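Here is my input; please provide its structure:
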Amino acid sequence: MTIDPGWRGSLKLVYGSVNHTTHVAYAQAQAPLKVQRSLYPEGKAVCHSVILHTAGGIVGGDRLALNIQLQPQANALITTASAGKIYRTSGLEANQTTHVNVATGACLEWLPQETIVFDQARYRQAMRIELAPGATWLGWEMTRFGRSARNEQFLAGDWRSQTEIWQEGRPLWIDRQWLPGSEVSFYGNHGLAGCPVVGSFAFVGQPVDTKLVEQARLLWAGAGEGGVTRLQSGLLCRYRGHSTADVRQWFVEVWRLIRLSFLGRSGCVPRVWGVL
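Next comes the predicted model:
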């Protein structure tokens with residue numbers, strides 16, 4: 001009998017709203033995924049949740065599945081306890097799928113800490129968000145390819161990321177990225193161009209005017225490359241460079257701008273991020 005190695009972790013969270021208070025109405029977790037207790041650093045309207053990967057990192061053969069649901073008028077901010085790590089593998093691929101449903105009047109802020117992809121890692125992640133009319137979603141993805149502190153580069157392996165946002169059967173934003181580990185991909189201008197860090201930030205669900213796009217561009221002050229595009233119903237920021245701190249600081253400032261402009265809230269930084 002052949003035993004398939006790797007974790008089969010899962011996490012399901014359902015957020016409800018009663019009397020302007022968002023709470024976790026249902027939670028079910030299977031190791032290595034776990035959710036910490038709900039936090040309310042900015043009042044009861046927004047529920048902050050921290051997802052923890054108890055094994056410390058993802059290895060080849062792991063299969064992780066997340067299901068997040070927000071009921072009408074619920075507001076949730078989800079982050080992770082620390083940077084994610086995708087370890088090298090002898091050949092097996094690791095896989096993570098995330099399904100999100102956001103009901104009318106609800107908003108999900110999906111703000112995980114950065115992910116470090118080790119050389120020789122094989123990883124595929126797919127995220128699908130279903131937005132009801134009047135729902136909003138904002139989220140980011142920050143990825144470092146190779147352990148730069150050890151002069152490691154992503155020269156072997158395979159990384160794929162797919163994010164889709166739909167509303168009533170209509171695609172609002174579909175983003176597919178693929179980076180095969182090789183010198184061509186790592187150093188080529190159509191790949192990383194020698195820059196180990198990439199990032200994407202998207203706000204989807206409401207139209208954004210050109211003035212706000214320009215404001216987001218002016219917030220970019222770091223090294224590397226940063227760009228801002230207006231989406232059909234939102235905004236998209238891209239980064240390619242060498243500094244996780246730079247992209248994180250920029251994304252946080254854009255997040256604060258979006259929060260104030262569309263949600264009427266200031267940017268309340270989760271404690272697990274440290275000082276920004």
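
residue contacts, Pro133?
Pro133 makes contact with Thr104, Gln167, Glu168 under the criterion Cβ atoms under 8 Å, 6 or more residues apart in numbering. Every residue, glycine included, has its C-beta placed from N, CA and C.

how close does the residue lying closest to the second one once chain neighbours are set aside sit to Val59?
Spatial nearest neighbour of Gln167, chain neighbours left out: Leu131 (4.6 Å); criterion: Cβ to Cβ, 6 or more residues apart in numbering. Distance of Leu131 to Val59, computed by Cβ to Cβ, to the nearest Å: 33 Å.

Settle it for me: which of these two has more neighbours?
Set Leu131 next to Val59 and count neighbours by other Cβ atoms under 10 Å: Leu131 wins out with 26 against 21.

Please tell me the pLDDT value assigned to the more buried one.
Looking at Leu131, its pLDDT stands at 98.

That one contacts Arg170, correct?
No: applying Cβ atoms under 8 Å, one finds Leu131 not in contact with Arg170, separated by 9.9 Å.

quick one: which of the contacts of Pro133 is nearest Arg37?
Thr104 (27.5 Å; Cβ to Cβ).

doesn't that closest one fall inside a helix?
No: read with DSSP: H, G, I helix; E, B strand; the rest coil, Thr104 is coil and lies in no helix.

That one reaches Gly134, doesn't it?
Yes: counting by Cβ under 8 Å, Thr104 sits close enough to Gly134 to count as a contact (4.4 Å).

Tell me which of these two has more neighbours.
Higher neighbour count among Thr104 and Gly134: Gly134, with 16 against 13, using other Cβ under 10 Å.

Using PDB, list the CA coordinates for the strand or helix carrying Ile129.
Secondary structure assigned from DSSP states H and E places Ile129 in strand 122-131. The C-alpha coordinates for strand 122-131 follow below in PDB (Å, rounded to 0.1, in the frame of the first residue of the first chain):
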ATOM      1  CA  ARG A 122       6.800  23.100  -6.000                       C
ATOM      2  CA  TYR A 123       3.600  25.000  -5.000                       C
ATOM      3  CA  ARG A 124       0.300  25.800  -6.500                       C
ATOM      4  CA  GLN A 125      -2.400  28.000  -4.900                       C
ATOM      5  CA  ALA A 126      -5.800  29.000  -6.200                       C
ATOM      6  CA  MET A 127      -8.200  31.500  -4.700                       C
ATOM      7  CA  ARG A 128     -11.800  32.100  -5.900                       C
ATOM      8  CA  ILE A 129     -13.900  34.900  -4.400                       C
ATOM      9  CA  GLU A 130     -17.600  35.200  -5.000                       C
ATOM     10  CA  LEU A 131     -18.900  38.800  -4.400                       C
END
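
still on that earlier bit, which member of the contacts of Pro133 is positioned nearest Val228?
Gln167 (22.1 Å).

Make sure the closest one is actually in contact with Ile129.
No: using Cβ under 8 Å, Gln167 is not in contact with Ile129, being 9.1 Å away.

more neighbours, the two?
Neighbour count, other Cβ under 10 Å: between Gln167 and Ile129, Ile129 has more, with 25 against 20.

Could I get the contacting residues of that one?
Val100, Asn101, Val102, Leu108, Trp137, Thr163, Glu164, Ile165, Trp166, Val204.

repeat that with 7 Å
Val100, Val102, Trp137, Ile165 (Cβ atoms under 7 Å, 6 or more residues apart in numbering).

for the chain, what spans make up the helices?
Assigned by DSSP state H, the chain shows helices spanning 183-187, 210-218, 244-258.

of the ones you listed, which approaches Asp119 most closely?
Closest among the helices of the chain, using Cβ to Cβ: helix 183-187, at 9.8 Å.

For that closest one, what is the distance to the chain centroid?
Here the centre of helix 183-187 is set off from its chain's centre by 24 Å, with Cα atoms, centre = their mean, to the nearest Å.

Also stretch 249-258?
Counting by Cα atoms, centre = their mean, stretch 249-258 comes out at 14 Å from the chain centroid.

From the rest of the structure, what touches it?
Contacts of stretch 249-258 (Cβ under 7 Å, 6+ apart): 138, 140, 199, 201, 203, 215-216, 219-220, 222, 226, 237, 239, 266-267, 269, 276.
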